[in-house]
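In: got a predicted structure here, sequence first:
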There are 2 protein chains.
Amino acid sequence: MSSEFRIRGKQVIDEIADYYENLASIKPMATVEPGYLYKLLSHEVPETGESLNAIQKDIKEKIMPGMTHWQSPNFYAWFPSNTSFPAMLGDMYCGMFSIVEFNWLPVVMDALGKLIGLPERFMAIQEDGFEGDGGGVIQGGASEAMMVAMIAAREMATEKLKAQGVVEDEIVALRNSLIAYCSDQTHSAAQKAANLIGCQINVIQTASDFRLTKELLADAIAKDKQKGLIPFYVCATFGTTNTTAIDDLPGIADVAEAEGLWNHIDGAYAGAALACPEFQPLAKGIERCDSFNFNPHKWMLCNHSCCAMWVADSTHLVNAMAIQREYLPKVKKDKGFVKDYRDWQLPLGRPFRAMKLWFVLRMFGAEGIRKHIRKDVDNAKWLSEELVSDGRFELVVPVVFGLVVFRLKPSALPTHLQGSAEVENAANAAIANEINTDGRAFLLGTKLHGRDAIRVAVGSAASTRENVSELLGIIKDKTSVVLANLESN
Amino acid sequence: MSSEFRIRGKQVIDEIADYYENLASIKPMATVEPGYLYKLLSHEVPETGESLNAIQKDIKEKIMPGMTHWQSPNFYAWFPSNTSFPAMLGDMYCGMFSIVEFNWLPVVMDALGKLIGLPERFMAIQEDGFEGDGGGVIQGGASEAMMVAMIAAREMATEKLKAQGVVEDEIVALRNSLIAYCSDQTHSAAQKAANLIGCQINVIQTASDFRLTKELLADAIAKDKQKGLIPFYVCATFGTTNTTAIDDLPGIADVAEAEGLWNHIDGAYAGAALACPEFQPLAKGIERCDSFNFNPHKWMLCNHSCCAMWVADSTHLVNAMAIQREYLPKVKKDKGFVKDYRDWQLPLGRPFRAMKLWFVLRMFGAEGIRKHIRKDVDNAKWLSEELVSDGRFELVVPVVFGLVVFRLKPSALPTHLQGSAEVENAANAAIANEINTDGRAFLLGTKLHGRDAIRVAVGSAASTRENVSELLGIIKDKTSVVLANLESN
């Protein structure tokens, strides 16, 4: 069995290398209908085992032709979901050992936290060698991190009510009055978490900068308190999904501290940029939050899934999560290492993701990670400048990270069609559609406060200036096609 | 970079094969202190990248000596957490593509569902080729599955209240009266889920068979209803963690149907046995539940994490989970394939686990999977018979799957010490402790309704009759040591 694996495993290594060498030449977006796989593949378990060759044949002939290739250098949709060879090697070791291992977390998460400039209060082990109140943990994704933070926040709010002398029965009733805050640009996971844990959430409408500000938050809280609601949690964002807007983190920290809210910051995508010192000033205010998450599986070369989350004080989190059962090991108390990370997360067990992250951090080094981030930011800025200098496009927001959000200038439309929001929207949607139909690149159209825009997320690990340059040419060409069609209609 | 990966990847393949070939000779349990890794490894990201060789050196010299080897054939703690070479090959492809891909779920989950004998109501695609109301999804673990089911149950209860004409405000208040049910043998995840979503849970004390029965459930519900509580969810177990007890599934289904509860069955470990037709009659009643989960990453050779979950009707689940945002793709409506599995789970994205499962199902085939399960059950039964025929031991429960739970017979203690529950407990704990201190095997002591017992989970993928036979010898020897010590004290 292991001798067979030595042969087959090496074949797969070559398949992976071949795939990445040829990836630029494969159309990034699938054009198949939902359910196509069900029609192509057997949905019975075969009675006797099949060979790897049979499976590889299906992958090549039936699966790959219908697949969206997220790793393609021409994939600009959503946010990047970076893979890397070091992460794959790390994953192979994770699979080999397949253990539940929490000893790694302080090692890897303190290292990563320092890399992105988090202050000491988020480190598991303090400079004096003693364990701190906080630390880092790896969650499955940002949704989970946001939910875990909200659960800790609810526990904190409950404790506060108890301290005020509110009795148990009333606390249960009062929990229905708890209200969380986020903006209309916050990831939908915040709203999902509120729905799931059963509390209210005020989704605050942002202004044209798409940012949650101190004033917007303070105003919403004041109104809710008048209604008898109890504010308990705010989710700010460092780099929103739609525009990579950065919320007013210092202002939100002011309000959170004044009102006693749990202050969570979601930096799922843009958090990776904090590995570069020049981006750290943009996150001013982060040092005051209660918890922060970002996803190395997005823009830090660490295959899905790996969401890094830090909390400054794990007390409320652990109190909300801890359950004891006879078959669970009792953690040895040691002055340096008493944390039981089981109580920092939803599941009991975990795939051994810390090792994968450790491979990425060590094999790329700070230098390699920064180079990757800076390459994408440079390419995104270059693209945005080229789009502006074309004359027909305007940026919806300035480019800060790897995301370019632009639209056709209204004045670029044929004169007889100008002034109609509907035509403007349709034209932008048509450009995005033409590009994706062409198939050489895959990006997304989106709507921002009701207006259509085109969204290019530069950041595939393999993406180069040549790829982005090719995309620019496609955008220009397809825009000409759409405008010519509009002119002649 | 890819040429380097061809070399390094193949080195790692050989490392993996070497590891599995030598695994039987490595002590399964770590004897290190928490935090040992922090003292051994750097907790800074290096400025420049390091070589794979440097990392491999750390793994060999610093990490492996302190690691608990879950894949060891001498690991009998908790439940197995099987790996396999096919799963590793599948995982390599998952990492290579690293896509978010839901098209696979009907293919893989219908195949797996049929293998374990689930009826058609749980299949995504019905025999007529049309999509059904239910289907399967892959969750990160049983905790997540149990929580997702509870959320769907709460939605169903809410809808029922609405249908009864209860107004919105009252529903919010009434949700505080919702009460879930499980037994004292149910996995702690049920209680955690209740805490997290903020509802009450009645943890019913089981009798000496450790089973949740129709009568126990009906009785608890009647009492709770008198208190004004609203029963909404029951979590039954097919193979509990402590003893692999099988709850009274038909009786629980009777009560759930009569009371309108969501009936979830957790078969995290033992569900894998349902691949063998001879075990399917034990799960009678499963065909009537609302949702079921089991973990192929436990006893079905599929590396962590892979939790298979089916629901018979996804309506309430989707209603509880669905959130729409502008940047999310709208799913194309097609009469065959309209399900959006995003709304069947907590996170938005997912690692591409279906492919790993597909590799396992295809490369082992039904035959290979059944052989693996039957090997472990045979070995566990053999061990239990040998223990009984030794004369000093009694089984706490009959062996049904791969778990053997036994204790010293009270009459095996030195005469002057008999009759003391404290001494009995201490003797059993001492035997478990002696075995683990010896280090050739790793098992767990546990407590069952306050009495100490010894728990042997046979089921490591590599485990053979020779390994189990060696364990038997160790158990006998260490028991003699403990009894001799007691005699002389």
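Out: Good, I have the coordinates.
In: for chain A, give me the ranges with low pLDDT.
Out: Regions of chain A meeting the criterion pLDDT under 70 cover residues A:324-338, A:348-351.
In: distance between the ends of stretch A:265-279?
Out: 16 Å (Cα to Cα, to the nearest Å).
In: in it, what counts as buried?
Out: Neighbour counts over stretch A:265-279 (16 or more other Cβ atoms under 10 Å in any protein chain shown) mark A:265-276, A:279 as buried. In this view, the C-beta of every residue, glycine as well, is placed from N, C-alpha and C.
In: and if you look at stretch A:17-37?
Out: A:17, A:19-20, A:23-24, A:27-30, A:34-37.
In: again with stretch A:415-427
Out: A:417, A:423-427.
In: one more: stretch A:159-178?
Out: A:161, A:175-178.
In: mind checking if that stretch is in reach of chain B?
Out: Yes. Residues of stretch A:159-178 contacting chain B under Cβ under 8 Å from any Cβ of the partner chain: A:172-173, A:175-176.
In: what about these, which are in helices?
Out: Members of those lying in helices (criterion: DSSP state H): A:172-173, A:175.
In: what is the nearest of these to chain B?
Out: Within these, the smallest distance to chain B is 5.2 Å, found for A:Val172 (Cβ to the nearest Cβ).
In: my guess is A:Gln185 contacts A:Ala236, does it?
Out: No. Between A:Gln185 and A:Ala236 there is no contact under Cβ atoms under 8 Å: 10.5 Å.
In: who's more crowded, the two?
Out: A:Ala236 (29 against 26; other Cβ atoms under 10 Å in any protein chain shown).
In: need the residues that contact stretch A:168-177.
Out: Here stretch A:168-177 makes contact (Cβ atoms under 8 Å, 6 or more residues apart in numbering or on different chains) with A:154, A:157-158, A:161-162, A:166, A:199-200, A:228-230, B:172-173, B:175-176, B:198.
In: correct me, but A:Asp390 touches A:Lys476?
Out: Yes. With contacts counted by Cβ under 8 Å, A:Asp390 reaches A:Lys476, the gap being 6.2 Å.
In: what residues does the stretch 351-489 of chain A put near chain B?
Out: Residues of the stretch 351-489 of chain A lying near chain B (Cβ under 8 Å from any Cβ): A:351-352, A:358-359, A:361-369, A:444, A:446-448, A:455.
In: show me those residues that map onto strands.
Out: Members of those lying in strands (criterion: DSSP state E): A:444, A:446-448, A:455.
In: could the residues you listed be laid out in a markdown table, adding neighbour count?
Out: What follows is those, written out as a markdown table (neighbours: other Cβ atoms under 10 Å in any protein chain shown):
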| residue | neighbour count |
| --- | --- |
| A:Leu444 | 19 |
| A:Thr446 | 23 |
| A:Lys447 | 15 |
| A:Leu448 | 21 |
| A:Arg455 | 25 |
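In: which of the buried residues of stretch A:17-37 are close to chain B?
Out: Residues of the buried residues of stretch A:17-37 in contact with chain B (Cβ under 8 Å from any Cβ): A:17, A:19-20, A:34-37.
In: circling back: which two of the buried residues of stretch A:159-178 lie the greatest distance from each other?
Out: Largest separation among the buried residues of stretch A:159-178 by Cβ to Cβ: A:Leu161 and A:Asn176, giving 12.3 Å.
In: closest to chain B out of the buried residues of stretch A:159-178?
Out: A:Asn176 (5.2 Å).
In: sorry, back to before: now, which of the buried residues of stretch A:265-279 sits nearest chain B?
Out: Among the buried residues of stretch A:265-279, and counting by Cβ to the nearest Cβ, the member closest to chain B is A:Ala275, at 8.2 Å.
In: isn't that closest one right up against A:Arg374?
Out: No. Judged on Cβ under 8 Å, A:Ala275 makes no contact with A:Arg374 at a distance of 9.8 Å.
In: returning to that earlier point: mind listing which of the contacts of stretch A:168-177 are in strands?
Out: Judged by DSSP E, those include A:200, A:230 as members of strands.
In: measure stretch A:59-71 end to end?
Out: Calculated as Cα to Cα, the first-to-last residue distance of stretch A:59-71 is 17 Å.
In: sorry, wrong one. I was asking about stretch A:452-465.
Out: End residues of stretch A:452-465 are separated by 26 Å (Cα to Cα).
In: going by neighbour count, list what's buried in that stretch.
Out: Under 16+ other Cβ under 10 Å, the buried positions of stretch A:452-465 are A:452-463.
In: ditto for stretch A:433-452
Out: Those would be A:434-436, A:440-446, A:448, A:452, for stretch A:433-452 by 16+ other Cβ under 10 Å.
In: and what of stretch A:207-217?
Out: Residues A:210-214, A:216-217 are the ones in stretch A:207-217 that count as buried (16+ other Cβ under 10 Å).
In: can that stretch be found next to chain B?
Out: No. Shown here: stretch A:207-217 not in contact with chain B (Cβ under 8 Å from any Cβ), separated by at least 12.0 Å.
In: which of the helices or strands spans A:Asn293?
Out: Per DSSP states H and E, A:Asn293 falls inside strand A:291-294.
In: same check, this time on A:Gly251
Out: helix A:249-259.
In: show me what that helix is packed against.
Out: helix A:214-226, strand A:230-237, strand A:262-266 (3 or more Cβ pairs under 8 Å, 6 or more residues apart in numbering or on different chains; DSSP states H and E).
In: tell me which of the ones you listed lies nearest to A:Ile13.
Out: Among the helices and strands packed on helix A:249-259, strand A:262-266 sits nearest to A:Ile13 (Cβ to Cβ), with 35.8 Å.
In: so which of the ones next to chain B among the buried residues of stretch A:17-37 comes closest to A:Thr241?
Out: Closest to A:Thr241, out of all of these and judged by Cβ to Cβ, is A:Pro34, at 23.3 Å.
In: now that closest one: phi and psi?
Out: phi -60, psi 140 (degrees, to the nearest 10).
In: from what I can see it touches B:Trp104, true?
Out: No. With contact defined as Cβ under 8 Å, A:Pro34 does not count as touching B:Trp104 (11.5 Å).
In: if we can go back for a sec, max pairwise distance over the buried residues of stretch A:265-279: which two?
Out: A:Asp266 and A:Cys276 (19.3 Å).
In: so what's the closest residue to A:Val396 other than its chain neighbours up against?
Out: Nearest non-adjacent residue to A:Val396, counting by Cβ to Cβ, 6 or more residues apart in numbering or on different chains: A:Val405, 4.3 Å away. Counting by Cβ under 8 Å, 6+ apart, A:Val405 touches A:242-243, A:395-397, A:446, A:448, A:453-456.
In: could I get those as JSON lines with distance to B:Leu483?
Out: Formatted as JSON lines, the contacts of A:Val405 follow (distance: Cβ to Cβ, whole Å):
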{"residue": "A:Asn242", "distance to B:Leu483": "70"}
{"residue": "A:Thr243", "distance to B:Leu483": "72"}
{"residue": "A:Leu395", "distance to B:Leu483": "80"}
{"residue": "A:Val396", "distance to B:Leu483": "78"}
{"residue": "A:Val397", "distance to B:Leu483": "76"}
{"residue": "A:Thr446", "distance to B:Leu483": "73"}
{"residue": "A:Leu448", "distance to B:Leu483": "76"}
{"residue": "A:Ala453", "distance to B:Leu483": "78"}
{"residue": "A:Ile454", "distance to B:Leu483": "78"}
{"residue": "A:Arg455", "distance to B:Leu483": "72"}
{"residue": "A:Val456", "distance to B:Leu483": "74"}
